[in-house]
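> Need the 3D shape of this:
(one chain, ligands or ions: 1)
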Amino acid sequence: MNTLSLVVLISGSGSNLQAIIDAIESKQLNAQISAVISNRPDAYGLTRARQHDIPAISLDHKEFETRELFDQQLQLEIESFKPDIIVLAGYMRILTTQFINAFSPTILNIHPSLLPKYQGLHTHQRALDNNDKTHGVSIHIVTPELDSGPVIVQGKFTIESDDTSDSLQQKAHKLEHQMYPLVLNWLSEQRLKLNSKQAVFDEKPVQTPMLFEAPVNAL
Ligand code: GAR
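Numbering: from 1, shown residues only. Predicted structure coming up:
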């Protein structure tokens, strides 16, 4: 089985990155992270990468005049590592169509909502404001339209009456940290294959998102 080569893009804390690193180090995931790239120089995820001897690259978007110029440089950086998959893990910058087309369909994103609900920002507060009974996270293939690519898997949880935006974020994180390594492992095992229209799992097209069942008491 081939080791899956990853480049992980982050903008912040990098707890999803950490979950992927931990899964690799505990041999639950047959992958290697070739580089971590952040558009924010102060992202804690860069520190996490360095602590595990992973090349950590800061590419400050504020130093580029346009989104296009920034994404061109980002593309060059990524291409130098020749990854199998680009993993967006809390990467909070809109990518240009040109960038996405250069790597499609091998860019994955994790998003803290049950897509197509709540594309964009403030997903937890929006679920509360709408009195939703359930909420969750989605892993999807990135296509040029923001947060709209084919969803591979979703994890769901109940919104309790005392939940806040912060508590929902914590629940979402717990699910994310299990789901992202799992999906990447499916790729490394070649159970999961990506194309720009849909994913294929165990030779069957993923028509509706697969449901990730969290272990009892995990949330
Ligand atoms: C995660 O919850 C992820 O779903 C979200 O950012 C957080 C990053 O956390 N991503 C998005 O909102 C993308 N639209 P982390 O830096 O601790 O992994």
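> Can you pull up the residues of this protein that come close to the ligand?
Neighbours of the ligand within the chain, by CB under 6 Å from any ligand atom: 10, 12-16, 89-90, 110-112, 172-173, 176. C-beta here means a position set from N, CA and C on the backbone, and glycine is covered the same way.
> quick one: which of these is most hemmed in?
Most neighbours among those, by other CB atoms under 10 Å: I10, with 27 neighbours.
> What residues are bridge-paired with that residue?
S38 (DSSP bridges).
> What residue in the protein comes nearest to the ligand?
Closest contact between the chain and the ligand, by CB to the nearest ligand atom, is at G90 (2.6 Å).
> Which strand or helix spans that residue?
Assigned by DSSP states H and E, G90 belongs to no helix or strand.
> And the pLDDT for it?
pLDDT, G90: 98.
> Surely it and Q18 touch.
No: using CB atoms under 8 Å as the test, G90 is too far from Q18 to be in contact (10.8 Å).
> Touching both of these two, which residues are there?
G45 (CB atoms under 8 Å, 6 or more residues apart in numbering).
> Show me where this structure has its strands.
4-10, 31-38, 56-58, 85-88, 107-111, 134-141, 151-158, 192-194, 199-201, 204-205, 210-212 (DSSP state E).
> so can I have CSV of the ones you listed showing distance to Q73?
Shown next, in CSV, are the strands of the chain (distance: least, CB to CB, whole Å):
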stretch, distance to Q73
strand 4-10, 13
strand 31-38, 10
strand 56-58, 10
strand 85-88, 15
strand 107-111, 17
strand 134-141, 24
strand 151-158, 29
strand 192-194, 25
strand 199-201, 29
strand 204-205, 35
strand 210-212, 35
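> so which of the ones you listed comes closest to Q119?
Of all the strands of the chain, it is strand 107-111 that lies closest to Q119, at 7.7 Å by CB to CB.
> okay, which residue of this protein is out on the far edge from center?
The centre of the chain is farthest from one residue, S161, which by CA atoms, centre = their mean lies 28.4 Å away.
> And that residue, how far from K197?
40 Å (CB to CB, to the nearest Å).
> which ones are touching H52?
Contacts of H52 by CB under 8 Å, 6+ apart are 21, 25.
> 10 Å - rerun?
17-18, 21-22, 24-25, 33, 36 (CB atoms under 10 Å, 6 or more residues apart in numbering).
> May I have the phi/psi pair for the residue of the chain closest to the ligand?
phi 80, psi 30 (degrees, to the nearest 10).
> Also compute the angle for the longest helix seen in the chain relative to strand 134-141, please.
Secondary structure of the chain per DSSP state H: the longest helix is helix 165-188. Per axes from the mean of the first three to the mean of the last three CA atoms, to 10 degrees, the angle that helix 165-188 makes with strand 134-141 is 40 degrees.
> in helix 165-188, what counts as buried?
By 16 or more other CB atoms under 10 Å, the buried positions in helix 165-188 come out as 168, 171-188.
> Please apply the same query to stretch 133-147.
Quick answer for stretch 133-147 (16+ other CB under 10 Å): 135-143, 147.
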